[in-house]
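J.: sharing a sequence plus its predicted fold:
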Amino acid sequence: MHPSPPIAPDPSGVSLVVGDEELLVDRAVASLVAEAKAPGEAATPDQGIGGAADVRDVPAAGLGPGELAALVSPSLFGGAQAVVIRGIQDASRELAAALERYAVSAEPDMVLVLTHAGGAKGKALLTALTKNGIRVIRCAKISRADERMNFVRDEFRRLGRKADQGVVRTLIDAVGNDLSELAAACAQLSSDVTGAIDQPAVARYYRGRAEASGFSVADRTVEGRLGDALEQLRWALATGVAPVLITSALAQGVRSLGKVGAMPRGKSSEALAGQLGLPSWKIDRVRRQLNGWTPDGVADALHAVAEADAQVKGEGASAGYALERAIRRIVACRDRG
């Protein structure tokens, strides 16, 4: 999915942005509101909506039909206007009815942008507005690893830069899964790095986070590198990584061993990607990590992670001790293989 697709003009002036991916929703709203600006002044999706002419941005919760009428009334001074009403899944029954009526008889000089989280709440209003033929922009949640990698690649491309798969993977490992943080990291690297953006450049910017992430701890653990895993654990805790994120990474690492290990070895990683919900590069990595593991060892390792998770969340006196003990037990499970 491209982070900020071009949005074609809509004669009705009413648009609906559906989804709960905050960054993509905000960018879509900014592009739509830019239509209310005078020719030649249109903002980019990254500039927000503050520069548009007479823009009003309000939540649907608590908004009444009378307030809606006031918001969408023509300006006394003429010129384009824009109104953004966010979270219409929270609209009252009266406001929902007023929005339906307005959608079929919108003011010609008004840009009205509505956002809806896309869930079951307020679905009747969503369905009614869609049937009225207004423009709909969907911003689906990015949850799969391959979709997140595509997002980062698209961000660099949008900024006029290139990044190979290693750079994308390193940046995600360092920064995490939040799209806003990833977008900001892409912009920072694109602005500050001259020449090619490579893995050493990412490591220089995010050394502490990249080297001390929970996934770094997990990778070294399932690979049986006890000394490295404990060193990374201590560094991660010292730099403020939450213990619960480390147990989560350990759980993902061990579960991946079980999922990939149960698949036929002759089947390509590309063929397994859709079935397992993992990118092909991750499957290749896990296959290398499987060396030394048995199904019983994986099962025992999962028990060790579950116990550590419970202790980290309150049952144990020391989260650090619980994590170190879990890492030692997981490595021992592998060594038995």
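T.: Looks like it arrived, so ask away. The model shown is predicted, which means the values in this text are computed figures rather than measured ones.
J.: low-confidence ranges, the stretch 51-200 of the chain, go.
T.: 51-53, 75-80 (pLDDT under 70).
J.: can we see that at 80?
T.: 51-55, 74-81, 106-109, 133, 173-177 (pLDDT under 80).
J.: mind listing the helices for it?
T.: Using DSSP state H, counting those that start in this stretch, the helices of the stretch 51-200 of the chain run over 65-71, 93-103, 123-131, 145-158, 165-175, 179-192, 199-205.
J.: just so I know, which of these lies nearest residue 260?
T.: helix 145-158 (13.7 Å; CB to CB). Just so you know, the C-beta spots here come from the backbone N, C-alpha and C atoms, and that holds for glycine as well.
J.: at which residues are the strands of this protein located?
T.: 14-18, 55-59, 81-86, 110-116, 135-138 (DSSP state E).
J.: out of these, the one nearest residue 161 is which?
T.: strand 135-138 (25.8 Å).
J.: each with direction, which strands does the closest one pair with?
T.: strand 14-18 (parallel) (DSSP bridges).
J.: count of neighbours near residue 332?
T.: Residues near residue 332, counting by other CB atoms under 10 Å, number 15.
J.: contacting residues for it?
T.: Residues counted as contacts of residue 332 (CB atoms under 8 Å, 6 or more residues apart in numbering): none.
J.: do you know how far it is from residue 325?
T.: Relative to residue 325, residue 332 is positioned 11 Å away (CB to CB, to the nearest Å).
J.: next one: residue 16
T.: Between residue 16 and residue 325 the computed distance is 52 Å (CB to CB).
J.: do the same with residue 244
T.: Residue 244 is 16 Å from residue 325, by CB to CB.
J.: residue 61 too?
T.: In terms of CB to CB, residue 61 sits 47 Å off from residue 325.
J.: who has more neighbours, the two?
T.: Set residue 61 next to residue 325 and count neighbours by other CB under 10 Å: residue 325 wins out with 16 against 13.
J.: surely that one and residue 308 touch.
T.: Yes - proximity of residue 325 to residue 308 meets the contact threshold set by CB atoms under 8 Å, at 7.0 Å.
J.: before we move on, the earlier item: in CSV: the strands of the chain, plus mean neighbour count and distance to residue 98.
T.: What follows is the strands of the chain, written out as CSV (neighbours: other CB atoms under 10 Å; distance: least, CB to CB, whole Å):
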stretch, mean neighbour count, distance to residue 98
strand 14-18, 24, 13
strand 55-59, 15, 14
strand 81-86, 22, 11
strand 110-116, 25, 12
strand 135-138, 16, 19
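J.: export these to JSON lines and tack on distance to residue 213?
T.: Shown next, in JSON lines, are the strands of the chain (distance: least, CB to CB, whole Å):
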{"stretch": "strand 14-18", "distance to residue 213": "32"}
{"stretch": "strand 55-59", "distance to residue 213": "35"}
{"stretch": "strand 81-86", "distance to residue 213": "33"}
{"stretch": "strand 110-116", "distance to residue 213": "33"}
{"stretch": "strand 135-138", "distance to residue 213": "31"}
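J.: quick one, helices of the stretch 201-337 of the chain?
T.: 207-211, 214-222, 226-238, 243-261, 269-276, 280-289, 295-310, 319-335.
J.: the residue lying closest to residue 320 once chain neighbours are set aside: neighbouring residues, count only.
T.: Distance criterion CB to CB, 6 or more residues apart in numbering; nearest residue to residue 320, sequence neighbours excluded, is residue 237 at 5.6 Å. Residues within reach of residue 237, counting by other CB under 10 Å, total 18.
J.: pLDDT score for residue 237?
T.: Listed pLDDT for residue 237 reads 84.
J.: and it, how far is that from residue 145?
T.: Residue 237 is 25 Å from residue 145, by CB to CB.
J.: what does residue 221 give?
T.: For residue 221 relative to residue 145 (CB to CB), the value is 20 Å.
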